[in-house]
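K.L.:
here is a sequence with its predicted model. Questions after.
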There are 2 protein chains.
Amino acid sequence: MAQRDTGTEHHIKETAKRIFFSEGKLHATTQEIADAAGVNRTLLNYYFRSRDVLFEQVATEARQELSRLLDLAMAASIPFKEKLERMIRVFMEQCLKYPYREMFLVREFNKFDKIIPEEKKEVVQAFLKEIEKEMEEGRLKKMDPRHFCMNLFSLMAYPMITKCLQKSIFNMDEATFLELMEERQQIIFDILYTSPTEKYKLSITSE
Amino acid sequence: MAQRDTGTEHHIKETAKRIFFSEGKLHATTQEIADAAGVNRTLLNYYFRSRDVLFEQVATEARQELSRLLDLAMAASIPFKEKLERMIRVFMEQCLKYPYREMFLVREFNKFDKIIPEEKKEVVQAFLKEIEKEMEEGRLKKMDPRHFCMNLFSLMAYPMITKCLQKSIFNMDEATFLELMEERQQIIFDILYTSPTEKYKLSITSE
DNA sequence: TTTGACTTTGACAAAATTGTTAAACAATAC
DNA sequence: GTATTGTTTAACAATTTTGTCAAAGTCAAA
């Protein structure tokens, strides 16, 4: 592309992502982004023409990355149990790095009445079917599979986006919070996956 | 207060809350707020002197309202089961009205390194103790009570703040979404409260 | 070293947002 | 009716944020 690539364009974009997705400052000014990247503000206009273009590029990449991730996790041809474990691991890792990325997309969504493309919905529908099958075969507690999905993502994402509150309320430092998020992966899995029969076993052994 | 109260001050504040907490537009301009309230923009300066003051007033009231609500729910002298039911009902009702209110406070929090007052923390600590007691007495599955709290609030709040995504992904209209949120209250309760022994009963009766 | 393309910068211009002021308006008391 | 006080408005000023442009800087090839 460029004859002489200084990496500045990429560096600006990554800095913007950090500010938007990690720090949650959706309305950072071009000056703030430039300062954080350690470059002259004019360079943002040079490489991206306008703030809107930078914003849109970052949003598009966020959409794609998230979409790719979910496709990979949801559409994998592996047993449901492993799939769930993998999803939790991958998604929570992402949440730790970019806790506000989904909120960013939600705002975009609200703003422009965006529509989820049909092929994405099909992936989700297939995943719902898979959940239903697990339920019918007694490996999951029966419920509306949409609730199951909401439960999954709620349990993973919410503590991350309210991280500062959690730390303050429970008197935690950063390290403690990270530990909690680490052990949380198992907890989420247990909540979601514990099947009727497993509950049976559990209660027997614990009595 | 005022000799002749036209209700405009209150109306502006309520409109601001709607825009901030219901629509999630944290960075609405004074013009947008004025337009939404159907008043001249100058009135915002007349009643609140500056945008910051309006913002701060709204934030303070949000903090107080939420704090009052949680105190009421957490510190109630009723059996844990009823307390949990009440919390879910009250909090989800609030989430439906003001889905973004907590996110608003989180941002405030991030911005000013705010600290939760000690007396609030004591209420939370007492609630944690109560949860631990329930666990020791076998009425709740054992886990770090902080996770229990996170689970509770995650399950309630997250689907609300990602409402537009949920509706789009699952092809739901507003009414369907509201139905889902209604039945969700029971689902959340079941996830959280189902105790080891109850699991035992459940699996026995369902076999 | 000179040319040429890309990169970076500072100064300036434009636009958006916020805040101020004086005057008009409305209701109540006198 | 007039005065007084609170309310609302339009016009203006200040500030913040964004975008433009010409010039300077940098590196590689000719």
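P.N.:
Great, that's in hand.

K.L.:
from here on, just use CA atoms for contacts and neighbour counts.
P.N.:
Fine.

K.L.:
residues from chain A in reach of chain B?
P.N.:
Counting by C-alpha under 8 Å from any C-alpha of the partner chain, the residues of chain A lying close to chain B are A:27, A:103, A:106-107, A:109-110, A:115-116, A:121, A:124, A:146-147, A:150-151, A:153-155, A:157-159, A:162, A:164-165, A:168-170, A:184, A:191, A:196-197, A:199-200, A:202-204.

K.L.:
list buried residues within those.
P.N.:
A:103, A:106-107, A:109-110, A:124, A:146-147, A:150-151, A:153-155, A:157-159, A:162, A:164-165, A:168-170, A:184, A:191, A:196-197, A:199-200, A:202-203 (16 or more other C-alpha atoms under 10 Å in any protein chain shown).

K.L.:
which strand or helix spans the residue nearest the centre of chain A?
P.N.:
Chain A has A:Cys95 as the residue nearest its centroid, 4.9 Å off, counting by C-alpha atoms, centre = their mean. Counting by DSSP states H and E, the element that carries A:Cys95 is helix A:80-97.

K.L.:
ok, and what's touching that helix?
P.N.:
A:22, A:70, A:73-74, A:76, A:101, A:130, A:134, A:156-157, A:160, A:185, A:188-189, A:193 (C-alpha atoms under 8 Å, 6 or more residues apart in numbering or on different chains).

K.L.:
buried subset of these?
P.N.:
Buried members of those, scored by 16+ other C-alpha under 10 Å, are A:22, A:70, A:73-74, A:101, A:130, A:134, A:156-157, A:160, A:185, A:188-189, A:193.

K.L.:
can you tell me which of those residues are in helices?
P.N.:
Among the buried ones among the contacts of helix A:80-97, the ones falling in helices (DSSP state H) are A:70, A:73-74, A:101, A:130, A:134, A:156-157, A:160, A:185, A:188-189, A:193.

K.L.:
what is the nearest of those residues to DNA strand D?
P.N.:
Nearest to DNA strand D among these: A:Arg101, at 19.1 Å, using C-alpha to the nearest atom of the strand.

K.L.:
so that closest one touches A:Phe21, yeah?
P.N.:
Yes. With contact defined as C-alpha atoms under 8 Å, A:Arg101 reaches A:Phe21; the gap is 4.6 Å.

K.L.:
which of the buried ones among the residues of chain A next to chain B are close to DNA strand C?
P.N.:
For DNA strand C, no contacts are drawn from those by C-alpha under 7 Å from any atom of the strand.

K.L.:
least confident secondary structure element in chain A?
P.N.:
Using mean pLDDT, DSSP states H and E, the weakest-scoring helix or strand in chain A turns out to be helix A:196-206, at a mean of 44.

K.L.:
so A:Lys142, which of the three states?
P.N.:
coil (DSSP: H, G, I helix; E, B strand; the rest coil).

K.L.:
relative to A:Phe148, how far out is it?
P.N.:
9 Å (C-alpha to C-alpha, to the nearest Å).

K.L.:
what does A:Lys141 give?
P.N.:
To A:Phe148, A:Lys141 is 10 Å away according to C-alpha to C-alpha.

K.L.:
for burial, what's the neighbour tally of A:Glu14?
P.N.:
14 (other C-alpha atoms under 10 Å in any protein chain shown).

K.L.:
now the closest residue to A:Asp71 other than its chain neighbours, what's its secondary structure?
P.N.:
If the residues on either side of it in the chain are set aside, A:Asp71 comes closest to A:Val123, at 6.8 Å by C-alpha to C-alpha, 6 or more residues apart in numbering or on different chains. Applying three-state DSSP to A:Val123 yields a three-state assignment of helix.

K.L.:
identify the farthest-apart pair in the buried ones among the contacts of helix A:80-97.
P.N.:
Comparing every pair within the buried ones among the contacts of helix A:80-97 by C-alpha to C-alpha identifies A:Ser22 and A:Glu134 as the most remote, at 35.1 Å.

K.L.:
what's the burial count for A:Leu105?
P.N.:
Neighbour count for A:Leu105, taken as other C-alpha under 10 Å: 20.

K.L.:
my guess is it meets A:Arg63, correct?
P.N.:
Yes. At 7.3 Å, A:Leu105 counts as touching A:Arg63 under the criterion of C-alpha under 8 Å.

K.L.:
list of residues touching the helix or strand hosting A:Phe148?
P.N.:
Using DSSP H and E, A:Phe148 sits within helix A:145-161. Contacts with helix A:145-161, where a contact means C-alpha under 8 Å, 6+ apart, come from A:88, A:91-92, A:95-96, A:99-100, A:128, A:131-132, A:166, A:188, A:192, B:150-151, B:154-155, B:157-159, B:170, B:184.

K.L.:
mind listing what's buried in stretch A:126-134?
P.N.:
Neighbour-count burial for stretch A:126-134 [16+ other C-alpha under 10 Å]: A:Phe127, A:Leu128, A:Glu130, A:Ile131, A:Glu132, A:Lys133, A:Glu134.

K.L.:
what's the closest of those to DNA strand D?
P.N.:
Minimum distance to DNA strand D across the buried residues of stretch A:126-134 is 39.7 Å, recorded for A:Phe127 (C-alpha to the nearest atom of the strand).

K.L.:
skip the chain neighbours and tell me the closest residue to the closest one.
P.N.:
A:Met74 is the one closest to A:Phe127 (C-alpha to C-alpha, 6+ apart), at 6.1 Å.

K.L.:
how about the contacts made by the one you found?
P.N.:
A:Met74 neighbours (C-alpha under 8 Å, 6+ apart): A:Lys83, A:Met87, A:Val123, A:Val124, A:Phe127.
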